[in-house]
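> from the sequence below, what's the structure:
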Amino acid sequence: MFWNVPNSLTLMRIVCIPIFVGIFYFPASSLPIHDKNVLATFIFAFAAITDWFDGYLARVLNQTSAFGAFLDPVADKLMVAAALILLIELDRVGAVVALIIIGREIAISALREWMAGVGERGSVAVANIGKIKTAAQMAAILLLLYHDPIGSLRINFLGEVLIYIAAFLTLLSMAYYLKAAWPRMKAG
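Numbering: from 1, shown residues only. Sure thing, here's the model as predicted:
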């Protein structure tokens, strides 16, 4: 089943990318920065929530598909990469941190594809460390998009702390996946 509810949610997530990025290109006279922050955060949060729902619905409605299995991680990586590049431009995240996170996503995706090609995809399946990394990363991006303080709570500072934690977990999870794949990599 090519177009089903889960795949439609994944596609909706991809459509959200140019919207939350484009918000920051509206003139300040028509949309103040605080409003841009709020709208972009809301749209990114909506997209992140659909990521959970599409997988859940695919399992519950028995609508899993090869296309969905391909499209879902692509949508995730596009969404995160777009947000990180935007946050660099807004001077809310450092390029090195973004490069670590984006580079790991590309490297592990390539590793998974290679492992699938040699019939051992299961040895680099998503692990708990990857799930924790994703949670920290998504929370950090949301906080950095919002950026503005809430009362005395410095949201941007919390976002910065979380993005550094996410970058550390990114490296740790990459090491985990490489270690899992190492026997096969060594064998050629």
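
> CA only for contacts and neighbour counts going forward, please
Noted.

> find the centremost residue of this protein, please.
Geometric centre of the chain, nearest residue: residue 80, 3.7 Å, by C-alpha atoms, centre = their mean.

> list the helices and strands the longest helix anywhere in the chain packs on?
In the chain, taking DSSP state H as the definition, the longest helix is helix 155-187. Packing partners of helix 155-187 (3 or more C-alpha pairs under 8 Å, 6 or more residues apart in numbering; DSSP states H and E): helix 95-117, helix 128-146.

> adding mean pLDDT, mean neighbour count and distance to residue 159, write the ones you listed out as CSV.
Formatted as CSV, the helices and strands packed on helix 155-187 follow (pLDDT from 0 to 100; neighbours: other C-alpha atoms under 10 Å; distance: least, C-alpha to C-alpha, whole Å):
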stretch, mean pLDDT, mean neighbour count, distance to residue 159
helix 95-117, 89, 16, 13
helix 128-146, 93, 20, 4
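
> make CSV from these and add distance to residue 4 to it.
Putting the helices and strands packed on helix 155-187 into CSV (distance: least, C-alpha to C-alpha, whole Å) gives the following:
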stretch, distance to residue 4
helix 95-117, 24
helix 128-146, 25
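
> closest one to residue 85 among the ones you listed?
Closest to residue 85 of the helices and strands packed on helix 155-187 is helix 95-117 (C-alpha to C-alpha; 7.3 Å).

> list the buried residues in the longest helix of the chain.
Within helix 155-187, the residues that count as buried by 16 or more other C-alpha atoms under 10 Å are 155-157, 159-160, 162-164, 166-170, 173-174, 176-178, 181.
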